[in-house]
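K.L.:
Predicted coordinates and the sequence they were generated for:
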Amino acid sequence: MIFIVAKFTVKPEYADDWIARSRPFTEATRAEPGNLWFDWSRSVDDPNEYVLVEAFADDAAEAHVTSEHFRTAQRELPPLLQKTPSVRNVRMDRDEWDLLGEMAVD
């Protein structure tokens, strides 16, 4: 699996409606074959920062970055940002989540 975390610093005037503005891209990506998850979170420290956690089956990544909705997002989303997003991208040998034993719930 390909596991990706990206940080998007949105211009303040678009921060409150970022989720709505990115919704078409989010929904289209979630519908892709091989998409495992695609989840946005807003930073608790910086209201202009959103973190995207996404994962794809190994053979699905190329289809994602060459899709029409990806190209549309490349045109429509950068003008709403303060700077180029930062990203971490790693390959993992499995796609299940582990339990956080240090905070186990009985």
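P.N.:
Noted; the coordinates are in hand.

K.L.:
any idea of the pLDDT on the spatially most central residue of the chain?
P.N.:
Centrality entry for the chain: nearest residue to the mean C-alpha point is residue 52, 3.0 Å, by C-alpha atoms, centre = their mean. Note on residue 52: pLDDT of 98.

K.L.:
pretty sure it is in a strand, no?
P.N.:
Yes. Residue 52 sits within a strand when classified using DSSP: H, G, I helix; E, B strand; the rest coil.

K.L.:
Please report how far residue 65 lies from residue 102.
P.N.:
Note on residue 65: its distance to residue 102, by C-beta to C-beta, to the nearest Å, is 36 Å. (Each C-beta comes from the backbone N, C-alpha and C, glycine too.)

K.L.:
who's more crowded, the two?
P.N.:
When neighbours are counted by other C-beta atoms under 10 Å, residue 65 and residue 102 differ, and residue 65 comes out ahead with 10 against 5.

K.L.:
All set, thanks.
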